[in-house]
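Visitor: Quick one, what's the 3D model for this:
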Amino acid sequence: MDALRVLRADRVDERAAWIDLWSQSPAQEVFTHPAYLEIFRQRSDHDCCCATMSSDAGTVLYPFYLRHLQSEYGLGLPCSEAKDIATPYGYGGPYAWGQADPKELAKAFWGAFDNWTMQENVVSEFIRFSLFEDELLPYPGEVESPLMNVVRSLDLTEEELWGEVRHKVRKNVKRGRNAGIEVIIDGNGNRLGDFLSIYHRTMDRRCADASFYYDTNFFESFCDALAGRYCFVHAMSGDLVVASELVLVSPRNVYSFLGGTDPAHFSNRPNDLLKFEVMLWAKSEGKHNFVLGGGKAADDGIYKYKESFAPNGVRPFRVGKRILNSVDYGRLAAARSKSVDLAYFPAYRAA
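Guide: Numbering: from 1, shown residues only. Okay, the predicted model is just below:
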């Protein structure tokens with residue numbers, strides 16, 4: 001069994017090793033590429049890391065942020081060298097492939113990883129898991145399913161796809177087509193300005209958290225760093241973009257990621273047409289799943305809208321939690337607030 005390696009994206013040789021291993025992985029998910037972690041990290045002192053192990057028993061690729069608590073919360077912390085781990089926005093976890101013996105690989109990987117976290121003074125770990133559980137290494141910590149997500153299987157004929165969406169979707173797709181709406185695939189971000197205008201207005205309408213207001217530089221960096229792993233999809237009314245979406249692309253799956261609709265054109269339901277055309281395009285590209293995601297809360301309007309495209313494709317969105325140093329975890333939680341929300345994980349990050 002090869003030794004555990006924890007690669008860092010800011011070290012040239014380790015970054016190259018990370019990308020090489022990512023290129024070998026069957027999933028090649030955008031969420032696990034070092035550039036994705038760099039683009040979505042919220043602070044410069046969040047180290048973009050990837051724990052790897054490879055042997056005859058299989059290979060593991062586990063990207064995450066190593067976050068330095070002292071620099072985030074100031075000099076008053078009782079544990080000056082404490083850190084914690086979290087996966088980036090989206091889906092992640094310990095991807096594994098070529099598993100001749102999954103139990104042996106899991107035992108070896110988590111044993112070595114936990115030794116590393118002890119040396120690094122890691123207090124806790126939080127993972128947002130991939131919806132495709134068979135791609136992941138078994139997890140030794142607590143697993144919860146706070147929400148449901150929607151996955152549209154594309155392993156159907158076009159007629160079957162049409163029949164499996166809810167009636168209201170079929171009605172809205174017809175309305176969009178009858179209104180002359182056309183959908184185009186933009187693989188290079190040529191209409192980024194149009195996308196941004198719609199996206200920011202959609203965030204305003206939804207009273208979104210400030211962290212979702214990505215600017216032009218953010219998207220330009222995204223497009224440069226992840227070329228070939230995304231496309232923009234635009235619903236057009238003549239020369240006007242009336243709905244737009246950023247879609248992430250992996251070998252097997254595509255992901256509805258960020259987007260919105262011009263409210264002046266709600267009546268023509270361009271977003272329903274856009275998503276149905278994404279399904280058809282992705283199927284033609286040989287993809288197997290279109291991941292629509294979920295809502296902000298259980299059974300909210302956003303979730304119900306997405307569910308209408310795949311009523312039989314509901315899957316649990318799972319998160320993993322581990323307290324790796326219970327003493328320091330308790331001291332940090334106590335230092336933050338006497339009324340800390342213990343239901344939030346990790347408790348010391350509760351607002």
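Visitor: so what does the helix or strand bottoming out on mean pLDDT in the chain touch, helix or strand wise?
Guide: Scoring the helices and strands of the chain by mean pLDDT, DSSP states H and E places helix 69-73 at the bottom, with a mean of 82. With contacts taken as 3 or more CB pairs under 8 Å, 6 or more residues apart in numbering; DSSP states H and E, helix 69-73 sits against no other helix or strand. Any C-beta I mention is one placed from the backbone N, CA and C, and that applies to glycine too.
Visitor: Enumerate the positions of it that are buried.
Guide: Residues of helix 69-73 classed as buried by neighbour count (16 or more other CB atoms under 10 Å): residue 69.
Visitor: Relative to the whole chain's centre, how far out is that helix?
Guide: 25 Å (CA atoms, centre = their mean, to the nearest Å).
Visitor: Ok, stretch 89-107 next?
Guide: Per CA atoms, centre = their mean, the centroid offset for stretch 89-107 relative to its chain is 17 Å.
Visitor: Over to stretch 221-238?
Guide: 17 Å.
Visitor: Endpoint to endpoint, it covers what distance?
Guide: Taking CA to CA, to the nearest Å as the measure, stretch 221-238 stretches 29 Å from start to finish.
Visitor: now swap in stretch 130-150 and tell me
Guide: Using CA to CA, the end-to-end distance of stretch 130-150 comes to 12 Å.
Visitor: now it, how far from the centre of its chain.
Guide: The answer for stretch 130-150 is 13 Å, by CA atoms, centre = their mean.
Visitor: Repeat that for stretch 270-280.
Guide: 21 Å.
Visitor: Next, the buried residues of it.
Guide: So, applying 16+ other CB under 10 Å, buried residues of stretch 270-280: 270-279.
Visitor: Output the below-cut-off pLDDT ranges for this structure.
Guide: 1, 74-78, 337-342 (pLDDT under 70).
Visitor: For it, just list every one of the strands.
Guide: For the chain, the strands defined by DSSP state E cover 5-8, 46-55, 58-68, 83-86, 95-97, 122-128, 142-153, 182-186, 230-237, 240-249, 253-261, 289-293, 314-323.
Visitor: quick one: the residue located most distally from the centre of the chain from residue 102, how far?
Guide: Relative to the centre of the chain, the most outlying C-alpha is that of residue 178, 34.4 Å out, by CA atoms, centre = their mean. Using CB to CB, to the nearest Å, we find residue 178 at a distance of 51 Å from residue 102.
Visitor: same question, residue 270
Guide: Distance from residue 270 to residue 102, by CB to CB: 45 Å.
Visitor: Could you export the buried residues of stretch 270-280 as CSV, including distance to residue 206?
Guide: Formatted as CSV, those follow (distance: CB to CB, whole Å):
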residue, distance to residue 206
270, 17
271, 13
272, 18
273, 21
274, 18
275, 17
276, 22
277, 23
278, 21
279, 24
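Visitor: and of those, the nearest to residue 37?
Guide: residue 278 (25.2 Å; CB to CB).
Visitor: coming back round to it: out of the strands of the chain, the one nearest residue 345 is which?
Guide: When the strands of the chain are compared by CB to CB, strand 314-323 sits nearest residue 345, at 5.0 Å.
Visitor: Quick one: neighbours of the spatially closest residue to residue 88 that is not a sequence neighbour, just the number.
Guide: The spatially closest residue to residue 88, leaving aside those adjacent along the chain, is residue 40, at 4.8 Å (CB to CB, 6 or more residues apart in numbering). Residue 40 has 18 neighbouring residues, counting by other CB atoms under 10 Å.
Visitor: Ok, residue 222 next?
Guide: There are 24 residues near residue 222, going by other CB under 10 Å.
Visitor: hang on, the earlier thing: of the strands of the chain, which is nearest residue 27?
Guide: strand 95-97 (5.7 Å).
Visitor: Now the closest one: buried residues?
Guide: Within strand 95-97, the residues that qualify as buried are 95-96, counting by 16+ other CB under 10 Å.
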